[in-house]
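Enquirer: Predicted model and sequence below, questions to follow.
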Amino acid sequence: MYSIKSNLQEKIAFLKLKSGDSDAFAFFYDKYVTRIYRFVYIRTSNQQTAEDLTQDIFLKVWQHLVDKRDIRSFQAFIFRIARNSIIDHYRLSNKQELPLDYVGDMVGSADDEEIKKLDKLIDADTLIREINKLKAQYQEVLALRYIEDLTIDEIAEVIQKDKRNVRVLIHRALNKLKEIVENK
């Protein structure tokens, strides 16, 4: 019952948000600030950078709303802005993307069979180190899927790829991770 009520509250807040209601923006800020910060921190491995980028991301979201741009899914929209902000950050600072440093309890929150198989093979700390060996695109889709718990459709919107491509990326990332772990 709670999820239905929560989903309805989010839809109502989203409609208010699209009309420029600042209280609705506060609702979404409270709901997403921790998740966006975590997503940015995972990609940058720097607390100050993550805090600054998180603030900038919410300012960009607000500006999009003020400009009356169309948003279909707030969650996908904010993660796409976060992703693009991280890319811009690295372009401006002439750095390459850093590896994934912190994954938290990725294994415990995942429901995918491949992750469960990996869980039996290694502990969480080892998994974090092994994920760092994956290319950045694989790290990103695994973080969005298993840490941020986004759907395939939402990930497709965030990274602006077809749903089938997202499924393939996740599958390849999990296979590569499994291969790394098994060859250890």
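Expert: All right, it came through fine.
Enquirer: Helices along this protein, start to end?
Expert: 2-18, 22-44, 47-66, 74-92, 106-109, 113-121, 124-131, 136-142, 152-159, 163-182 (DSSP state H).
Enquirer: can you list the domain ranges for the chain.
Expert: Under the assignment automatic domain parsing, the domains of the chain span 2-92, 106-182.
Enquirer: For those domains, which has the smallest mean pLDDT value?
Expert: Of all the domains of the chain, domain 106-182 carries the lowest average pLDDT, namely a mean of 76.
Enquirer: Relative to the whole chain's centre, how far out is it?
Expert: Offset of domain 106-182 from its chain centre (C-alpha atoms, centre = their mean, to the nearest Å): 12 Å.
Enquirer: any chance of the helices of the chain in JSON lines, plus mean neighbour count?
Expert: Heads up, the C-betas are built off the backbone N, CA and C, glycines and all. Listed next are these as JSON lines, based on neighbours: other C-beta atoms under 10 Å:
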{"stretch": "helix 2-18", "mean neighbour count": "13"}
{"stretch": "helix 22-44", "mean neighbour count": "18"}
{"stretch": "helix 47-66", "mean neighbour count": "16"}
{"stretch": "helix 74-92", "mean neighbour count": "18"}
{"stretch": "helix 106-109", "mean neighbour count": "16"}
{"stretch": "helix 113-121", "mean neighbour count": "14"}
{"stretch": "helix 124-131", "mean neighbour count": "16"}
{"stretch": "helix 136-142", "mean neighbour count": "21"}
{"stretch": "helix 152-159", "mean neighbour count": "19"}
{"stretch": "helix 163-182", "mean neighbour count": "16"}
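Enquirer: quick one: Ala13 and Arg43, what's the gap?
Expert: Relative to Arg43, Ala13 is positioned 27 Å away (C-beta to C-beta, to the nearest Å).
Enquirer: before we move on, what about Ser19?
Expert: Remark: distance between Ser19 and Arg43 (C-beta to C-beta) = 32 Å.
Enquirer: What of Val66?
Expert: 27 Å.
Enquirer: and what of Ile131?
Expert: To Arg43, Ile131 is 12 Å away according to C-beta to C-beta.
Enquirer: And for Lys11?
Expert: Between Lys11 and Arg43 the distance is 29 Å, computed by C-beta to C-beta.
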